[in-house]
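1. just the structure for this:
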Amino acid sequence: MPDHGFGETDQAQPSILAIIVLYKVQAKKAVALTSLLTETEKTHRQGDRIQVVLYDNSGDAQLCEDLPPYVLYHAAALNEGIAGAYNYALGFARREGFNWMLTLDQDTQLPLDFLVQMRDLALQLERNEEVAAIVPQLSHAGKLLSPLRIRPWGVSYLPRGYTGLAQGEIHALNSASLFRVPALSEIGGFDPRFWLDYQDYYVFRQLHRHGRRVWVAGEIQVEHDLSLLSQKRSPGPDRFRNFLQAESAFCDLYRGSINGLGLTGRLAFRLWRQRRQGVDAVIRELTQNALIRRLFLTRTERIRDWESEMRQRLACLPTQDGQQRPSISVCMAAFNGEAYIRQQLQSILSQLSDRDEVIVVDDASSDRTCDIVEGLHDLRVRLERHASNVGVLRTFEDAICLANGEIVFLSDQDDLWAPQKVSSVLHAFAIHPEAEIVVSDAALIDDNDAPIGASYYAIRGPFRPGFLSNLLHCRYLGCTMAFRSRVRSRILPFPPKADILHDLWIGAANSFTGGKSVYIDSPLVLYRRHSTNATGSKRLPLSRQIRMRWDLCRSLAQSWLRLQRDSVR
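-> Model (predicted):
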């Protein structure tokens, strides 16, 4: 029997941000928009806060006239797929205080009273924070598509009309799914690697991994035209190839060997069916190649090839001004970090292109930290070793000195990067050319990656970039910081014989000399708190706090005088 799991009803009206991703379709001809506008008129009359974002990946901006004031149109400067669109909407939802986000494909026909019913469910489930998503049942030509229950050996369909909290891991299609915004923020948003296909599998897996559940609204039946199954408009070769790549990569990354064998069998059956139905030879060849790769390449080789192609795609994406994506250096200070450093480096490298680099400076570790870093066998990773332990400040200084990238990211050894961290930070730099530093929020996790309470800045108070604000309470968190390479002339060398935190010094020295900082109100880092953290685990004694602030003021004055002398020369 389904678990109806309703908590106490919250009388506050839910706020919903709906995101519709457009591609090569006029806004007013998008089926999802036309059906949604009818629905929003009903909910607005009831006083609900509903807003719609049209995110256009077509490449050319449309002239969108006569749209209601609650519909915003955004033309993307570069096509980052649905991942980029959804991350944009998630950032907007967080900034504007929306607590639910509705994701829609452009060709989804919403049934009568869809939004009213979803609104009512959101209202009933508002206080049950265990529920991260509310999903209807989607069908294609009468065949049930979504949601599915994930099994160790495959998937099974929920009965048509099933209503309630689903048990176990559930997958649903993105379109017509209503997500709780804090839950999406908790998992780090949407993964740019699955930029077009299998993003839904990724998100629902992450929600399940974080202990969140899915409410299935079986009373709401939505007909969805899935292009991969459509007889009217079969996918082109490029789209089908991306689907096959994402399908295989997701299975290799997140599913076991039984699921892997199942995928190989499905590819063989898919190829047989395509030949029988006379499907285009190019499509058949793509399926055949995917089958051959699963038969003759190892799992490691398949993942490596896919991640390499995703890096090349990221490198080819232009920035907002049409220029090439800036090169990146990630600077990491390492010391006895064998427990977490591999996982952290993997979360970083998956977002970098072949032009980027990760500089790991090891501060004379006594464990297997260096062996793990070298064992990645990634040419983008550069390992430098200290002969003796010199501390966090000098280790970060050495890493920054070695950086060659146009944008420098700082990283701790034991955190995790959210999948959209790099793309979000680069976007912030692109739209704020005056900014020298970008800082984001961070979600707190424990030793086992489980979330801990509120985000970093929700606990510490809002981020403030000013010098005086940081003199009293340091608002900079190094693992969330990135800066333009030209900032190095203001911050290097780090003050000798001074008791100063590296993140406070970088932020304060930049603001003291007139540099601007931009804050992203989204947790782009999963900040691990445990007993062996190098910094931040205990409150510093008052005597040291006073000494550090005196050292900061004295060092800033000396640095300012040095910069003045250099400018005269």
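2. drop to CA atoms for contacts and neighbour counts, all remaining ones
-> Fine.
3. show the pLDDT at Ala443.
-> pLDDT for Ala443: 92.
4. I misspoke; the intended subject was His4.
-> His4 carries a pLDDT value of 47.
5. and Pro147, how many neighbours does it have?
-> For Pro147, the neighbour count with other C-alpha atoms under 10 Å is 25.
6. that one contacts Tyr157, doesn't it?
-> Yes. Counting by C-alpha atoms under 8 Å, Tyr157 is a contact partner of Pro147 at 6.9 Å.
7. which strands and helices sit next to the helix or strand hosting Ser308?
-> Using DSSP states H and E, Ser308 falls within helix 299-316. Counting contacts by 3 or more C-alpha pairs under 8 Å, 6 or more residues apart in numbering; DSSP states H and E, helix 299-316 packs against helix 237-254.
8. for the helix it packs on, what is the distance to the chain centroid?
-> 19 Å (C-alpha atoms, centre = their mean, to the nearest Å).
9. check the most centrally placed residue in the chain and give its pLDDT.
-> Centroid-nearest residue in the chain, with C-alpha atoms, centre = their mean: Gln420, separated by 3.1 Å. pLDDT, Gln420: 86.
10. kindly report the same for Arg212.
-> Taking Arg212 on its own, its pLDDT is 93.
11. what number of residues lie near the nearest residue to it once chain neighbours are set aside?
-> What sits nearest to Arg212 in space, not counting adjacent residues and going by C-alpha to C-alpha, 6 or more residues apart in numbering, is Glu130, at 5.2 Å. Neighbourhood size, Glu130 [other C-alpha under 10 Å]: 18.
12. how close does Glu130 get to Ala176?
-> Distance of Glu130 to Ala176, computed by C-alpha to C-alpha, to the nearest Å: 20 Å.
13. can you list contacts of stretch 173-184?
-> Applying C-alpha atoms under 8 Å, 6 or more residues apart in numbering, the contact partners of stretch 173-184 are 90, 93-94, 98-105, 108, 118, 131-136, 138, 146-147, 199-201, 207, 212.
14. same thing with stretch 480-493?
-> 397, 400-401, 405-411, 425, 436-442, 503, 505-506, 509-510, 513, 524-525, 559, 563.
15. could you pick out the buried ones from those residues?
-> Buried by 16 or more other C-alpha atoms under 10 Å: 397, 400, 405-411, 425, 436-442, 503, 505-506, 509-510, 524-525, 559, out of the contacts of stretch 480-493.
16. remind me, longest strand of the protein?
-> strand 516-528 (DSSP state E).
17. can you name every helix or strand that that strand contacts?
-> helix 81-96, helix 181-186, strand 416-417, helix 421-431, strand 435-445.
18. and the next helix or strand past the least confident helix or strand in the chain by mean pLDDT?
-> Least confident helix or strand of the chain, by mean pLDDT, DSSP states H and E, is helix 467-472 with a mean of 63. Later in the chain than helix 467-472, the nearest helix or strand by DSSP H and E is strand 481-484.
19. list the buried residues in that following strand.
-> Buried residues in strand 481-484, defined by neighbour count with 16+ other C-alpha under 10 Å: 481-484.
20. can I get the CA coordinates of that strand in CSV?
-> C-alpha atoms of strand 481-484 as CSV (Å, rounded to 0.1, in the frame of the first residue of the first chain):
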residue,chain,number,x,y,z
MET,A,481,37.0,31.3,-3.6
ALA,A,482,38.2,31.9,-7.2
PHE,A,483,40.0,34.9,-8.5
ARG,A,484,41.5,36.3,-11.7
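21. mind listing the strands that strand pairs with, and their directions?
-> strand 407-411 (antiparallel), strand 435-445 (antiparallel) (DSSP bridges).
22. make CSV from the ones you listed and add distance to Pro495 to it.
-> Formatted as CSV, the strands paired with strand 481-484 follow (distance: least, C-alpha to C-alpha, whole Å):
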stretch, distance to Pro495
strand 407-411, 18
strand 435-445, 20
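23. tell me which of the ones you listed lies nearest to Tyr55.
-> For those, distance to Tyr55 was read as C-alpha to C-alpha. The smallest value, 23.1 Å, belongs to strand 435-445.
24. quick one: average confidence on the helix or strand just after that closest one?
-> Per DSSP H and E, strand 435-445 leads on to helix 456-460 as the next helix or strand towards the C-terminus. Helix 456-460 carries an average pLDDT of 89.
25. can you get me a residue count around Gly278?
-> Neighbours around Gly278, by other C-alpha under 10 Å: 9.
26. check Cys64 too.
-> Cys64 has 11 nearby residues by other C-alpha under 10 Å.
27. that one and Cys479, how far apart?
-> 41 Å.
28. with Ala132 instead?
-> Applying C-alpha to C-alpha, the value for Ala132 to Cys479 is 27 Å.
29. try Ala557
-> From Ala557 to Cys479 the distance is 26 Å (C-alpha to C-alpha).
30. mind listing what's buried in stretch 58-67?
-> Ser58.
31. what helix or strand is Val360 located in?
-> Taking DSSP H and E as the criterion, Val360 maps to strand 357-362.
32. which helices and strands sit right next to that strand?
-> strand 328-334, strand 381-385, helix 392-402.
33. what's the angle from the second one to helix 392-402?
-> What it means is strand 381-385. Orientation note: strand 381-385 sits at an angle of 130 degrees relative to helix 392-402 (axes from the mean of the first three to the mean of the last three C-alpha atoms, to 10 degrees).
34. pLDDT below threshold where in the stretch 201-350 of the chain?
-> Scanning the stretch 201-350 of the chain for pLDDT under 70 picks out 226-234, 315-324.
35. and for Leu123, the neighbour number?
-> 18.
36. show the pLDDT at it.
-> We have a pLDDT of 92 for Leu123.
37. list the buried residues in the helix or strand it falls within.
-> According to DSSP H and E, Leu123 maps onto helix 114-124. For helix 114-124, burial by neighbour count (16+ other C-alpha under 10 Å) applies to 114-116, 118-119, 121-124.
38. just stretch 363-377 next, same as before
-> Buried residues in stretch 363-377, defined by neighbour count with 16+ other C-alpha under 10 Å: 363-365, 369-370, 372-373.
39. again with stretch 488-505
-> By 16+ other C-alpha under 10 Å, the buried positions in stretch 488-505 come out as 488, 490-492, 494-495, 499-505.
40. helix/strand/coil for Gly164?
-> strand (DSSP: H, G, I helix; E, B strand; the rest coil).
41. what sits against the spatially closest residue to Arg394 that is not a sequence neighbour?
-> Nearest residue to Arg394, sequence neighbours excluded (C-alpha to C-alpha, 6+ apart): Phe494, at 7.7 Å. The contact partners of Phe494, taken as C-alpha under 8 Å, 6+ apart, are 393-394, 397, 502, 505.
42. reformat those as JSON lines; add distance to Ala76.
-> As requested, the contacts of Phe494 are exported to JSON lines (distance: C-alpha to C-alpha, whole Å):
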{"residue": "Leu393", "distance to Ala76": "40"}
{"residue": "Arg394", "distance to Ala76": "41"}
{"residue": "Glu397", "distance to Ala76": "37"}
{"residue": "His502", "distance to Ala76": "36"}
{"residue": "Trp505", "distance to Ala76": "36"}
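43. which of these sit farthest apart?
-> For the contacts of Phe494, the maximum inter-member distance is 12.3 Å, found between Arg394 and Trp505 (C-alpha to C-alpha).
44. elements contacting the helix or strand hosting Glu374?
-> Assigned by DSSP H and E, Glu374 belongs to helix 369-375. Contacting helix 369-375 under the criterion 3+ C-alpha pairs under 8 Å, 6+ apart are the following elements: helix 341-349, strand 381-385.
45. can you point out the buried residues in the first one?
-> Put plainly, it is helix 341-349. Applying 16+ other C-alpha under 10 Å to helix 341-349 flags 341-342, 344-345, 347-349 as buried.
46. ok, so of those residues, who is nearest Gln312?
-> Proximity of these to Gln312, judged by C-alpha to C-alpha, is greatest for Leu349, which lies at 12.5 Å.
47. sweet, I'm off.
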